[in-house]
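Enquirer: below is the sequence, then the predicted model.
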Amino acid sequence: MILSMIAAVSENNVIGKSNKLIWNLPTDFEYYKNTVRNKTIIMGRKTAESPDFFFSEKRNLVVTRSKDYQKEGLEVFHNLEDAIEAAKNDGEVFISGGSEIYKQALPLADKLYITRVHAVFEGDAYFPEFDKSKWKIVSAKIVKADEYNSHDFTFFVYEKI
Ligand SMILES: NC(=O)c1ccc[n+]([C@@H]2O[C@H](COP(=O)([O-])OP(=O)(O)OC[C@H]3O[C@@H](n4cnc5c(N)ncnc54)[C@H](OP(=O)(O)O)[C@@H]3O)[C@@H](O)[C@H]2O)c1
């Protein structure tokens, strides 16, 4: 199993506000969909309930402390370790947020797919700081703002050294 994390993150590490995304970046959303569409994803309960969340066609694992939580199309786990264990034979598996889950998964991750949005935002959900000396950039692709995308951004992929 390769454990990857995927997130769009502002320059000040904001990832969302009021359980929603805060930018309009359709090119990034397409990239996200194409990256995870056929992969198992693991997410926190709040992200699973976010109105703009995209679900995988393979497996969608949600983590909640609530014992009776159910949602169509989701497999429910009560801690992150059990969700990761359940996905161990699924090849590359994506942690897809939100803030609480990224923070807990970061020490376990092998790869980071970070879309760095080149602007500062106000928000209430953050991606954790990560030590760049412990991760190497394996690809970086710059996308300029245009009539569809509200900001410049860069698709980074990092691997743990
Ligand atoms: N920019 C991006 O790429 C991106 C991607 C995804 C999400 N987001 C944003 O992130 C924000 C949501 O993040 P968030 O931190 O508020 O919520 P979250 O991480 O999506 O979900 C938090 C919930 O997960 C459950 N949970 C967390 N740790 C657990 C554990 N160890 N064991 C069992 N359950 C656990 C709890 O659910 P219960 O309360 O049910 O117990 C907790 O309330 C939104 O604004 C969303 O738009 C952004």
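Expert: Arrived safely.

Enquirer: pLDDT below threshold where in this protein?
Expert: Scanning the chain for pLDDT under 70 picks out no residues.

Enquirer: how about the residues of it by the ligand?
Expert: 7-8, 15-16, 19-21, 43-47, 50, 63-66, 69, 78-80, 96-101, 104, 125 (C-beta under 6 Å from any ligand atom). The C-beta positions use only the backbone N, C-alpha and C, and glycine is treated the same way.

Enquirer: weed out the non-buried ones from the residues you listed.
Expert: Listed as buried from these are 7-8, 15-16, 21, 43-47, 50, 63-64, 80, 96-101, 104, 125; burial here means 16 or more other C-beta atoms under 10 Å.

Enquirer: by contact count, what packs against the lengthiest helix in the chain?
Expert: The longest helix of the chain (DSSP state H) is helix 26-36. In terms of contacts (3 or more C-beta pairs under 8 Å, 6 or more residues apart in numbering; DSSP states H and E), helix 26-36 is packed against strand 2-10, strand 111-117, strand 153-160.

Enquirer: can you give me the helices for the chain?
Expert: Ranges of helices within the chain are 26-36, 45-48, 80-86, 99-105, based on DSSP H.

Enquirer: in TSV, list those along with distance to Phe130.
Expert: Listed next are the helices of the chain as TSV, based on distance: least, C-beta to C-beta, whole Å:
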stretch	distance to Phe130
helix 26-36	19
helix 45-48	19
helix 80-86	17
helix 99-105	10
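
Enquirer: out of those, flag the one nearest Met1.
Expert: With C-beta to C-beta as the measure, helix 80-86 is the member of those nearest Met1 (7.9 Å).

Enquirer: ok, and what's touching the closest one?
Expert: With C-beta atoms under 8 Å, 6 or more residues apart in numbering as the test, helix 80-86 has contacts from 1, 3, 42, 61-63, 75, 77, 93, 101, 104-105, 108.

Enquirer: nearest to Phe130, of those residues?
Expert: Ala105 (11.3 Å).

Enquirer: number of nearby residues for the closest one?
Expert: Ala105: 22 surrounding residues under other C-beta atoms under 10 Å.

Enquirer: surely it and Ile95 touch.
Expert: Yes: between Ala105 and Ile95 there is a contact under C-beta atoms under 8 Å: 4.4 Å.

Enquirer: what angle do the longest helix of the chain and strand 153-160 make?
Expert: 30 degrees (axes from the mean of the first three to the mean of the last three C-alpha atoms, to 10 degrees).
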